[in-house]
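K.L.:
the sequence and its predicted three-dimensional model are supplied below.
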Amino acid sequence: MDAIRLGQGLRALRLRVGWRQLDVALKVGLSHGTISNIERGRVDQVSMDTLRRVANAYGADVDIRIRWRGEQLDRLLDAGHVRLVSAVASQLTAAGWLVAVETTFSIWGERGSIDILAYHPEIAALLVVEVKTVVPDFQAMISALDRKARLAPEIAAARGWNASRASRLLVIEDGSTSRDRIRRVAPAATAALPARGTEVRTWLRRPSGLLAGLIFLRSANQRDATTRVTGRQRVRRLIRVRTATPAERSAHQKPARRQPSA
C-alpha cells in the first residue's frame with residue numbers, strides 16, 4: 001500500500017465534496033488529528049476498518065494489493081487455484097459427473113472461461129462451478145457466475161450435453177479471511193446462493209432441481225502442509241521423551257582412570 005498516495009487520494013476526494021477535515025471527522029466518528037495523519041500518509045497506527053470508513057464517507061473504497069517478486073505472487077495464486085479446481089473436479093467425477101475444466105467460450109460477443117462445467121448424464125443436470133482462492137468483490141463475482149450459468153446450456157450443447165438450465169456453485173478456499181468476507185455480505189450471499197454445506201454435498205451426489213450454492217473447501221496444498229507440520233511435531237516429541245537404555249548408558253560411560261602404583 002502506498003500510504004502517501006492513499007492520503008493524497010482521500011484529501012482530493014474531501015476537497016471535491018467541499019468538506020473540511022473536521023467535517024469528515026464528525027461524520028465517521030474520528031478525531032481531527034486522525035484525519036490529518038491519514039491525509040499525510042501517516043497510517044502506521046491506523047486500522048483498515050478506519051481507512052474504509054473514511055473512504056466510504058466519500059463513496060469510495062480501499063483496495064489493497066500485494067506485490068511480491070514481480071509476477072511470482074500471481075503464479076503462486078494460480079497454483080493454488082489449479083489445486084482447488086483439481087480437488088473439486090475429482091469429487092465431481094467420483095459422484096458420477098462428466099467434468100470439463102477451464103472451458104472457454106465466445107457466444108454473441110460474450111467471452112470468458114468457466115472453471116468447471118459438469119454434466120450428470122443420468123439426470124441430465126448441468127452445473128457451473130466458479131472456484132476462488134480469495135474472495136474479491138462479491139457482487140461482481142455473482143454477476144459473472146450468473147452470466148456463465150445463463151450461457152452454459154449453449155456451451156454444453158457443443159459437447160453433446162443436453163440441458164435447458166444450469167445450476168450454480170461457488171467454491172471458495174476455506175480460511176478465516178474468506179469466511180469473514182462472506183459473513184460481511186451475508187444477506188447478499190444468502191439471497192444469491194442459499195444452499196450450503198451438507199445440502200450442497202447431498203445435491204452433488206444426487207442432483208434434483210436447480211442448485212444455487214456456496215461451499216468452502218480446503219485444497220490439497222493446505223492438507224499437505226498440515227500433515228508435514230504434524231509429522232515434524234511428532235518426531236520432535238519422540239526425540240524429547242526418548243531416554244537411553246542401560247546398555248547404551250554403559251557403552252558410553254568412560255572407563256575409570258587407573259590410579260598410579262605407589
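P.N.:
Structure received.

K.L.:
got any ranges where this structure has weak pLDDT?
P.N.:
1, 67-77, 220-262 (pLDDT under 70).

K.L.:
please name the nearest non-neighbouring residue to residue 50.
P.N.:
Sequence neighbours aside, residue 30 is the residue nearest to residue 50 in space, at 6.7 Å (criterion: CB to CB, 6 or more residues apart in numbering). Glycine gets a C-beta too; all of them are placed from N, C-alpha and C.

K.L.:
ignore the last one, residue 218
P.N.:
With CB to CB, 6+ apart, the residue lying closest to residue 218 is residue 174, at 4.7 Å.

K.L.:
distance of the one you found from residue 187?
P.N.:
From residue 174 across to residue 187, the span is 22 Å (CB to CB, to the nearest Å).

K.L.:
follow-up on the earlier one: quick check: the residue nearest to residue 218 vs residue 159, distance?
P.N.:
Residue 174 is 31 Å from residue 159, where distance means CB to CB.

K.L.:
tell me the phi and psi of the spatially most central residue of the chain?
P.N.:
In the chain, the residue lying closest to the centroid (CA atoms, centre = their mean) is residue 134, at 2.6 Å. Dihedral pair for residue 134: phi -130, psi 160, per degrees, to the nearest 10.

K.L.:
what's stretch 113-128 in contact with?
P.N.:
Stretch 113-128 is contacted by residues 85, 88-89, 92, 96-105, 129-131, 145, 148-149, 152-153, 155-156, 159, 161-163, 165-169, 206-208, 211 when judged by CB atoms under 8 Å, 6 or more residues apart in numbering.

K.L.:
in strands, which of those fall?
P.N.:
Taking DSSP state E as the definition of strands, these contribute 98-105, 129-131, 167-169.

K.L.:
ok, so of those residues, who is nearest residue 191?
P.N.:
Within the ones in strands among the contacts of stretch 113-128, the smallest distance to residue 191 is 12.9 Å, found for residue 168 (CB to CB).

K.L.:
number of residues surrounding that closest one?
P.N.:
23 (other CB atoms under 10 Å).

K.L.:
need the helices for this protein, in chain order.
P.N.:
3-17, 21-28, 32-39, 48-57, 72-94, 138-157, 176-184, 186-192, 197-205, 220-241, 246-252 (DSSP state H).

K.L.:
list the contacts for residue 150?
P.N.:
residue 166.

K.L.:
quick one: it from residue 197, how far?
P.N.:
Residue 150 sits 26 Å away from residue 197, taking CB to CB as the criterion.

K.L.:
domains of this structure?
P.N.:
When the chain is parsed with automatic domain parsing, its domains come out as 3-57, 72-217.

K.L.:
now tabulate those in CSV and tack on distance to residue 64.
P.N.:
Below are the domains of the chain laid out as CSV (distance: least, CB to CB, whole Å):
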stretch, distance to residue 64
domain 3-57, 8
domain 72-217, 12
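
K.L.:
select, out of the ones you listed, the one closest to residue 65.
P.N.:
Taking CB to CB, domain 72-217 is the member of the domains of the chain nearest to residue 65, at 9.4 Å.

K.L.:
thank you, goodbye.
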